[in-house]
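K.L.:
whatever this is, show me its structure:
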Amino acid sequence: SSSSSSSLSSSSSSLPSLPVPPPLYFPPYFRAKARVWILNNTYPHLLLYHYDFSAQRAREDFYTLVDNIHKRYFTTIKYFDKGEQFLIYHKQPESPRACFVAPLTSKFHPSLLNDAQYMGEAQVMLSTSDKSVSCAHYRAAYADAFADICISYTTNQPLLIEYPSFRMEILNFQVLDGPASVFIPHQASKATCSPFGG
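P.N.:
Numbers count the residues shown, from 1 in each chain. Here you go, the predicted structure:
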C-alpha cells in the first residue's frame, strides 16, 4: 500500500563499513518499467516511462490489470519546455478515447534527482522479493516535500522512488543511446486533442 512517509531506513553515513555510494545520475535518455502505488490506492499500476532530457520531454503510459492482462488506460506526454501536457484517455468498455491539452502543473522530472543528497545505506522491502534489499539511499527536495531514491550498489540503477503521493518500484531500467520518437500525441491516440475545459 502507499504511504506518505518513506519506508527507507538509512544507516549513519559515518560508519566505516558502509559501501561507497554509487553516483546518482539519471541519463539524458532512458526508458523504465515500474510498479506504482498512488496515494490512497491499495493496488499498483504498471508504468512505462520514457525520458528525453535534451528535448525536455517525458511520457508516462499507465496500465491496469484486467483479467490477468495489463491494459493501457491513460497516457501523459509532458513538454517541460512549453509548460504543457497531453492527457490521453484510451478507450475503455464504458468510456471513449479522449485527448486534452492542459498546463503542466508539475515540473518534476528525473534531472532534478541528480542534486539529491546521499543519506547512507538503507534496507528496503520490494514487492518482487521476500527479503529486504540493501541500497544507497538518496533524498531530494521538491515542492516542499522530499523524494527518496534507492540506488542499487551493484548496477547503479534505481530500485525505488518514494514521494508523499506515490511509491514506485523500478522493474526494468534501460539507458538509451538517443531520443525515442514516442512524444507525439497523435501517435499515441486516434483522438483529437482539445484544450482542457474548452
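
K.L.:
so what touches stretch 170-186?
P.N.:
Contact with stretch 170-186 is made by 27, 29-35, 50, 52, 54-55, 57-59, 77, 79, 86, 88, 99, 128, 157-161, 187-188, 193, as judged by C-beta atoms under 8 Å, 6 or more residues apart in numbering. Bear in mind the C-beta positions are built from the backbone N, C-alpha and C, glycine included.

K.L.:
quick one: end-to-end distance for that stretch.
P.N.:
Terminal residues of stretch 170-186 lie 28 Å apart, using C-alpha to C-alpha, to the nearest Å.

K.L.:
the chain should start at 10 in everything you say after this.
P.N.:
In the new numbering, first residue 10, that becomes stretch 179-195.

K.L.:
list the buried residues for that stretch?
P.N.:
For stretch 179-195, burial by neighbour count (16 or more other C-beta atoms under 10 Å) applies to 179, 182, 188-189, 191-192, 194.

K.L.:
in strands only, show me those.
P.N.:
179, 182 (DSSP state E).

K.L.:
averaged pLDDT, stretch 69-79. What do you get?
P.N.:
Averaged across stretch 69-79, pLDDT comes to 83.

K.L.:
which of the residues in it are buried?
P.N.:
Within stretch 69-79, the residues that count as buried by 16+ other C-beta under 10 Å are 69-72.

K.L.:
of all those residues, which comes closest to I160?
P.N.:
Closest approach between the buried residues of stretch 69-79 and I160, by C-beta to C-beta: E69, at 21.2 Å.

K.L.:
spit out the contact partners of the closest one.
P.N.:
56-58, 84-85, 87.

K.L.:
can you pick the most crowded of these?
P.N.:
The most neighbours of any of these, using other C-beta atoms under 10 Å, belong to K87, which has 22 neighbours.

K.L.:
tell me which element it falls in.
P.N.:
Element membership of K87 [criterion: DSSP states H and E] is strand 78-88.

K.L.:
mind giving me the packing neighbours of that strand?
P.N.:
Here strand 78-88 touches strand 66-75, strand 93-98, helix 194-197, going by 3 or more C-beta pairs under 8 Å, 6 or more residues apart in numbering; DSSP states H and E.

K.L.:
quick one: average pLDDT of whichever helix or strand comes after the last one?
P.N.:
Downstream of helix 194-197, the next assigned helix or strand under DSSP H and E is strand 202-204. Along strand 202-204, the predicted local confidence has a mean pLDDT of 89.

K.L.:
helices or strands up against strand 202-204?
P.N.:
Applying 3+ C-beta pairs under 8 Å, 6+ apart, one finds that strand 202-204 contacts strand 107-112.

K.L.:
let me see the contact set for H99.
P.N.:
81-84, 106, 198.

K.L.:
on that earlier part again, and which of the buried residues of stretch 69-79 is nearest C144?
P.N.:
Nearest to C144 among the buried residues of stretch 69-79 is E69, at 23.5 Å by C-beta to C-beta.

K.L.:
beta partners for the closest one?
P.N.:
Beta bridges link E69 to Y58, T85, judged by DSSP bridges.

K.L.:
okay then, goodbye and thanks.
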